[in-house]
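Asks: Sequence first, predicted coordinates after that:
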Amino acid sequence: MTDPIVFETATPRFGLPLLFAGQAQKEAFVNEAHAIADGLLHCAISGEASAPPAIPQDGTAWLVGAAATGDWTGQDGRIALRQSGNWLFVDPRDGMRVLDNSTGQELRYRSGWQAPVAPAEPSGGSVVDIEARLAIVALVQALRIAGVFAES
């Protein structure tokens with residue numbers, strides 16, 4: 001799907017359309033900017049997929065996976081925002097964070113999407129090691145609750 005309107009002047013980070021003096025149909029530019037800002041503000045994605053959901057709901061966002069199909073063809077790696085019955089696509093930028101509702105984990109973009117991986121829980125050792133092991137397990141669980149590591 002191609003973008004329905006091509007904006008000649010836009011912000012450098014997220015392509016929010018800019019208005020200029022004497023412009024006709026300002027509402028199209030303002031509505032587009034509001035729709036993108038609405039989708040990105042405290043963004044929570046439904047997950048990563050290579051095909052759009054069969055019944056998309058307005059207000060949802062997805063991370064478009066590799067080899068995207070359907071309405072998402074050619075949009076690999078972008079964020080798909082469903083707004084007013086249409087898909088809007090936004091290129092991720094360094095520093096961007098999203099909550100992945102499918103895992104409960106926060107993802108960060110820095111030259112690609114990054115998600116921390118929980119360290120392996122310790123095993124083996126002596127009796128004294130049991131207390132340290134329990135402390136590490138509790139720490140990892142707290143980091144999962146905080147959204148740093150994916151819930152297992």
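Replies: That came through, no problem. Numbers count the residues shown, from 1 in each chain.

Asks: Name the residues linked to the most centrally placed residue in the chain by a beta bridge.
Replies: Centrality entry for the chain: nearest residue to the mean C-alpha point is residue 98, 4.2 Å, by CA atoms, centre = their mean. Beta-bridge partners for residue 98, by DSSP bridges, are residue 107.

Asks: Domain ranges for the protein, per the record?
Replies: 26-101, 116-145 (automatic domain parsing).

Asks: how about JSON lines for those, with distance to residue 13 and mean pLDDT added?
Replies: Heads up, the C-betas are built off the backbone N, CA and C, glycines and all. As requested, the domains of the chain are arranged in JSON lines below (distance: least, CB to CB, whole Å; pLDDT from 0 to 100):
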{"stretch": "domain 26-101", "distance to residue 13": "5", "mean pLDDT": "90"}
{"stretch": "domain 116-145", "distance to residue 13": "25", "mean pLDDT": "77"}
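
Asks: Adding distance to residue 12, write those domains out as TSV.
Replies: Below are these laid out as TSV (distance: least, CB to CB, whole Å):
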stretch	distance to residue 12
domain 26-101	9
domain 116-145	29
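
Asks: among those domains, which is the most enclosed?
Replies: Most buried of the domains of the chain, by mean neighbour count (mean count of other CB atoms under 10 Å): domain 26-101, with a mean of 16.

Asks: would you put the C-alpha positions of the helix or strand hosting residue 141 in PDB?
Replies: Per DSSP states H and E, residue 141 falls inside helix 127-145. Output of helix 127-145 as PDB, limited to C-alpha atoms (Å, rounded to 0.1, in the frame of the first residue of the first chain):
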ATOM      1  CA  VAL A 127      25.700 -24.700  50.100                       C
ATOM      2  CA  VAL A 128      26.800 -21.000  50.500                       C
ATOM      3  CA  ASP A 129      26.000 -20.600  46.800                       C
ATOM      4  CA  ILE A 130      22.300 -21.400  47.400                       C
ATOM      5  CA  GLU A 131      21.700 -17.900  48.900                       C
ATOM      6  CA  ALA A 132      23.500 -16.200  46.000                       C
ATOM      7  CA  ARG A 133      21.500 -18.200  43.600                       C
ATOM      8  CA  LEU A 134      18.200 -17.300  45.200                       C
ATOM      9  CA  ALA A 135      19.200 -13.600  45.200                       C
ATOM     10  CA  ILE A 136      20.000 -13.700  41.500                       C
ATOM     11  CA  VAL A 137      16.700 -15.500  40.700                       C
ATOM     12  CA  ALA A 138      14.800 -12.800  42.700                       C
ATOM     13  CA  LEU A 139      16.700 -10.100  40.800                       C
ATOM     14  CA  VAL A 140      15.900 -11.600  37.400                       C
ATOM     15  CA  GLN A 141      12.300 -11.900  38.400                       C
ATOM     16  CA  ALA A 142      12.200  -8.300  39.400                       C
ATOM     17  CA  LEU A 143      13.700  -7.300  36.100                       C
ATOM     18  CA  ARG A 144      11.000  -9.300  34.300                       C
ATOM     19  CA  ILE A 145       8.300  -7.600  36.200                       C
END
